[in-house]
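how does the following fold in three dimensions:
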Amino acid sequence: MAISDALLQPVNDQVKKLSDKVGGGSSSPVPPKGGIELFSPQYYAACTVGGIIACGPTHSAVTPLDLVKCRRQVNPALYKSNIQGWRTILKTQGDSIFSGIGATFIGYSFQGAGKYGFYEFFKKTYSDAVGPQFAKDYKTGVFLAASASAEFLADIALCPLETIKVKTQTTIPPYAKNVFEGWSKITASEGIAGLYKGLVPLWFRQIPYTMVKFASFEKTVELIYQYLGKPVSEYTPVQQTGVSFLGGYIAGIFCAVVSHPADVMVSKVNSDRKAGESIGAALGRIYSKIGFAGVWNGLPVRIVMIGTLTGFQWLIYDSFKVYVGLPTTGGH
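Residues are numbered from 1 along each chain as shown. So this is what the prediction gives:
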């Protein structure tokens, strides 16, 4: 028996029809009657909602891990391990392992909306601009361009909340009790510009991260289906979303490595940038203190966190697309 048959059993005719409906290829612009027309405003709205659902809750769920990671990035001597960090936080009055969860949920919901919604929009737009044959021959380039454009815009919405999150998480006791207090305190002392002081390093972290996240996911899913030996339309929606999770987890590992140095600098800049200091001066001063080894501090934790996050985000996103009658992402 072929490995594809052992892992993903053949489906009967009735299930195959359902699979064709939701995952049988995105080349046709119009789905079966009653569905959402591909590349219509309703399609992009659905992808945007899927991005919110995929990113906001998943990032919030790993807040305790993110909290310790950020604190160890800013001060490597603070905790010897994640377990020791959580124990210390739980024993510290006024501290919480869920510090920053509000800013995390709101910020990454905004970011997820822009990241996934604009990705689908730019992928279609750029494919049309270069023509079908070029888009087919150089689809990875289209994925990279679309994801970079989407993340550039998504980070503008994320940055103020990311600033509040990092400031809250890297200060003991936490800088603010909630998002509104954090917003008020930062704008009172630094103005609105204070909320965007980490935008440039955020772009340097998130844009390469998202380019790898989307392009490697699309390629990984394509390779998985090639390995299994059947087109995506031969699998049920549940099986397709299982492939999405596996492809997402693998992509997340690459994401973590590529974006980690910038992730460290985002934490450092948001917690240690001096008033009136340019971003270039701040980055240079911080790097002179921590060195090359310092920008890799906390990488193993982030690989676990980002791999898990990315896997579940693709699982949730594609499950939502299936739920509303759209094809899954990748492999078509």
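
any idea how far the closest residue in space to Y196 that isn't next to it in sequence is from F254?
Once flanking residues are discounted, Y196 sits nearest to C159: 5.3 Å by CB to CB, 6 or more residues apart in numbering. (Each C-beta comes from the backbone N, C-alpha and C, glycine too.) Per CB to CB, to the nearest Å, C159 is found 24 Å from F254.

who has more neighbours, these two?
The neighbour count for C159 versus F254, taken as other CB atoms under 10 Å, is higher for C159 (24 against 20).

residue contacts, that one?
By CB atoms under 8 Å, 6 or more residues apart in numbering, C159 lies in contact with L195, Y196, G198, L199, L202.

which positions in the host helix or strand of I306 come out as buried?
Using DSSP states H and E, I306 sits within helix 299-323. Buried positions in helix 299-323, judged by neighbour count with 16 or more other CB atoms under 10 Å: 301-303, 305-322.

against E234, how distant is the closest residue to D263 other than its chain neighbours?
Setting aside the residues directly before and after it, D263 is nearest to R205 in space (CB to CB, 6+ apart), at 5.1 Å. To E234, R205 is 38 Å away according to CB to CB.

compare these two (neighbour count), which wins?
Applying other CB under 10 Å to R205 and E234 shows that R205 carries more neighbours, namely 24 against 20.

mind listing what that one touches?
S259, A262, D263, M265, V266.

so which helix or strand takes in the nearest residue to I303 once chain neighbours are set aside?
Spatial nearest neighbour of I303, excluding adjacent residues (CB to CB, 6+ apart): A256 at 4.5 Å. Here A256 sits within helix 237-272, counting by DSSP H and E.

S147 now?
Counting by DSSP H and E, S147 is found in helix 139-169.

helix or strand right after that helix?
Immediately after helix 139-169, counting by DSSP H and E, sits helix 179-190.

ok and that next one relative to helix 139-169, angle-wise?
80 degrees (axes from the mean of the first three to the mean of the last three CA atoms, to 10 degrees).

chain center to the helix or strand following helix 179-190, what's the gap?
Once helix 179-190 ends, the next helix or strand along the chain (criterion: DSSP H and E) is helix 199-228. Chain-centre distance of helix 199-228: 9 Å, with CA atoms, centre = their mean, to the nearest Å.

quick one: mean pLDDT over helix 199-228.
For helix 199-228, mean pLDDT is 91.

cool, and stretch 138-155?
Stretch 138-155 comes out at a mean pLDDT of 96.

now find how far off-centre it is within its chain.
The answer for stretch 138-155 is 13 Å, by CA atoms, centre = their mean.

may I see the buried residues of it?
Quick answer for stretch 138-155 (16+ other CB under 10 Å): 139, 142-151, 154-155.

could you do stretch 53-64 as well?
So, applying 16+ other CB under 10 Å, buried residues of stretch 53-64: I53, A54, C55, G56, P57, T58, H59, S60, A61, V62, T63, P64.

could you do stretch 226-244 as well?
228, 232-237, 239-244.

quick check: the gap between I53 and G112.
8 Å.

same question, W86
26 Å.

compare these two (neighbour count), which wins?
Between W86 and G112, G112 has the larger neighbour count (other CB under 10 Å), namely 28 against 16.

report the secondary structure element holding that one.
Using DSSP H and E, G112 falls in helix 101-130.

report the mean confidence score over that helix.
In the prediction, helix 101-130 has an average pLDDT of 96.

check which element follows that helix along the chain.
Following helix 101-130 toward the C-terminus (DSSP H and E): helix 132-137.

how far off centre is that next one?
Worked out by CA atoms, centre = their mean, helix 132-137 lies 27 Å from the chain centre.
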